[in-house]
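A.B. asks: sequence first, then the predicted structure, then my questions.
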Amino acid sequence: MRRISRAEKPLKFRYKEGEPLDLIKEFIKFYKPHRKIFILDISCALGIAAMDLIFPLLSRNILNMYIPDRNLRALIITAFVMLFLYLLRAVFNYVVHYWGHIVGVRIEYDMRKTLFDHLQTQDISFFDKSRTGQLMSRLVNDLNLITELAHHGPEDLFLSVIMLSGSFIILLNIEWRLTLILFAFIPFMFYFTLKKSMQMRKKFREVRERIAAVNSQIENSISGIRVSKAFTNEDYEQEKFNEGNMTFRISRSNAFKTMAEFYSGINLYMNFLTLIAISFGGYFVFSGRISYGDLLAFILYTNFFMEPLKRLTNFTEQFQNGMSGFERFREMMSVTPKIQDPPEARELVNVAGNISFRNVSFSYESDQQNNILSHINIDIPAGKTVALVGPSGGGKTTLCHLIPRFYDVTEGEIFIDNNNIKDFTVKSLRKSIGLVQQSVFLFTGTIRENILYGKIDATDEEVIEAAKNASIHDFIASLPEGYETYVGERGVRLSGGQQQRLSIARVFLKNPPILILDEATSALDNATEIMIQRSLEKLSAGRTTLVIAHRLSTIKSADEIIVIDDKGIHERGTHDDLIKLNGIYCQLYNSQFKGFM
């Protein structure tokens, strides 16, 4: 068994990594729709910070004045004031913890919707080079981290600034020399924090990339579980997964190592500051510069001073996680589709169905030196059926995919009713084209939902009529749950023929003027093929139809048959004409029916 590479490199896009300030500016824009709740959250956080600053002052007054002066009335009033403030603080805490998180959840929702909508606009070529697991990781895992940053980030930062500045001012008023001694160590602490923060940002971004690769491996293995079991390659799949999982483990371990260094250093600095406050504060008490009440207030404020530092350290972790997720979000949003509507694009309506390929050539981006199609010229009159035959890899499917602009031609032009297809909006163009492929994709859900995909707003009567036209209504009606029958993931609970007829029903419901049949019966048994062929003939009636077929018996009645490969068109004509020509088509036909003629 071959050795799997240590780590499959995650998908990369052309994207310049943004500066932290640029990321923050762009991130802030997502707060705008939720600014009222955000302002409420921050206002309550401000109230909590203000009350936390007041409590030590009240405690100081009790120790320095009310108890020595035996002022019971002032003591009771202060106690009730503190009780009221504690109750009010509890209300503010509820707002911060509930509505603050609601802000994060709504921002996550907005981002996920924005990203999913953006993915829907991407070209087929984008998904050709993307891995499903990585895309899912960006939609789910990365944005989960942003929720915590969206809630706690501004709140922790705001509270820290208020608490630090407020504590500093009050500490100066209590004993300015002791305050300056404490704050002399702060620059060293901030330098350490900044240095480790930069390291953590790099490490956590790598973790996000690795988990995306693991997700992609899981999705690929589970999707192909039948293949792996059929070839008894479970051990091989486990080895592939273990390679990616080990890479993720190492990456995450390195990130936690950096985080451990960060927290250990921060805690050491905090404990050191507490030791300084107690030691030097005790000295100032002995020397008569401050009272016991002042020392108590000073230590309390030192603890309050520590709290925002702890918040800042937590914020640093959230920021690294959240910004790495947001950076990947922005990276994905920077990918623009190459196939877009021009400013003057118009709707394609009243389609007759005339199709013209004029000197069309095509090559994929990854292999631009080799053309898949070369100088193709085809005219298909409205309502006619044209069949494409030739060797596998000869460009037949690619040619058909150029009509709905899944890809754009490298050279030449394609016309519908004498209008360049690039002059129409992509959506209206694709609405006019129905596609039935050999490989059927059914969405997880019911039979009704899958047929409705051809026309989302169709009535029940229209769905049933489409199913009847596709010769599958009787089968559906025989099921206990009828049209509400669950088809399983990708239609796994249905046979190949049943899946194909459902896909045909979808196109009947869509009712497009142009139809593309891409080897729609090649994977079916003869009896099922005959049944589906009848449905396809009914579907093709009155429509401009392109048929790709390897089973030549299915295209004998086509108005024109074209033999094509990557060098171009070799033969064209009706079935009888090409048989008389005794060329490539005749050889293909005879080879398929050898022994039956």
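C.D. replies: Thanks, I have the structure now. Numbers count the residues shown, from 1 in each chain.

A.B. asks: show me the domain layout of the chain.
C.D. replies: 21-333, 441-511 (automatic domain parsing).

A.B. asks: right, and the ones you listed - which one's nearest residue 407?
C.D. replies: Go through the domains of the chain one by one with C-beta to C-beta and the one that ends up closest to residue 407 is domain 21-333, at 6.4 Å. All C-beta spots, glycine's among them, are computed from the backbone N, C-alpha and C.

A.B. asks: report the distance from that closest one to the chain centre.
C.D. replies: If you compare the mean C-alpha spot of domain 21-333 with that of the full chain, they lie 25 Å apart, counting by C-alpha atoms, centre = their mean, to the nearest Å.

A.B. asks: hmm, who's touching stretch 93-111?
C.D. replies: Residues external to stretch 93-111 that are found in contact with it (C-beta atoms under 8 Å, 6 or more residues apart in numbering): 30-31, 33-34, 37-38, 40-41, 44-45, 48, 143-144, 146-152, 155, 329.

A.B. asks: the same query, at a cut-off of 10 Å, please.
C.D. replies: By C-beta atoms under 10 Å, 6 or more residues apart in numbering, the surrounding residues in contact with stretch 93-111 are 27, 30-31, 33-38, 40-45, 47-48, 139, 142-155, 159, 322, 325-326, 329-330, 333.

A.B. asks: buried set for that stretch?
C.D. replies: Buried residues in stretch 93-111, defined by neighbour count with 16 or more other C-beta atoms under 10 Å: 95-96, 99-101, 103-104, 106-108, 110-111.

A.B. asks: what helix or strand is residue 264 on?
C.D. replies: Applying DSSP states H and E as the criterion places residue 264 in helix 234-286.

A.B. asks: quick one: average pLDDT of that helix?
C.D. replies: The average pLDDT for helix 234-286 rounds to 82.

A.B. asks: before we move on, what about stretch 211-227?
C.D. replies: Summarised as a single mean, pLDDT over stretch 211-227 is 70.

A.B. asks: looking at this protein, which helix or strand is least sure?
C.D. replies: Ranked by mean pLDDT, DSSP states H and E, the weakest helix or strand in the chain is helix 225-230, scoring a mean of 62.

A.B. asks: neighbours of residue 296, just the number please.
C.D. replies: Using other C-beta atoms under 10 Å, residue 296 has 18 neighbouring residues.

A.B. asks: so which strand or helix has it?
C.D. replies: In this structure, residue 296 is located in helix 292-333 according to DSSP H and E.

A.B. asks: so who does residue 120 touch?
C.D. replies: Contact criterion C-beta under 10 Å, 6+ apart gives residue 337 as the residues in contact with residue 120.

A.B. asks: residues in contact with the residue positioned nearest the centre of the chain?
C.D. replies: If you average the C-alpha coordinates of the chain and look for the closest C-alpha using C-alpha atoms, centre = their mean, you land on residue 139, 2.9 Å from that point. If a contact means C-beta under 10 Å, 6+ apart, then residue 139 has 111-112, 115-116, 119, 329, 332 as its contacts.

A.B. asks: try 6 Å this time
C.D. replies: 112, 115 (C-beta atoms under 6 Å, 6 or more residues apart in numbering).

A.B. asks: local confidence estimate at it?
C.D. replies: If you check residue 139, the pLDDT there is 81.

A.B. asks: measure it to residue 340 for me?
C.D. replies: Here the distance between residue 139 and residue 340 works out to 22 Å (C-beta to C-beta, to the nearest Å).

A.B. asks: ditto for residue 280
C.D. replies: According to C-beta to C-beta, residue 280 and residue 340 sit 67 Å apart.

A.B. asks: higher neighbour count, these two?
C.D. replies: With neighbours defined as other C-beta under 10 Å, residue 280 and residue 340 compare such that residue 280 has more, 16 against 12.

A.B. asks: and the gap between residue 102 and residue 41?
C.D. replies: 9 Å.

A.B. asks: no wait, residue 78
C.D. replies: Between residue 78 and residue 41 the computed distance is 30 Å (C-beta to C-beta).

A.B. asks: who's more crowded, those two?
C.D. replies: Neighbours around residue 78 and residue 41, counted as other C-beta under 10 Å, are more numerous at residue 41. The numbers are 26 against 17.

A.B. asks: which residue packs closest to that one, ignoring adjacent ones?
C.D. replies: In space, not counting the residues next to it along the chain, residue 41 is nearest to residue 100; the distance is 4.3 Å by C-beta to C-beta, 6 or more residues apart in numbering.
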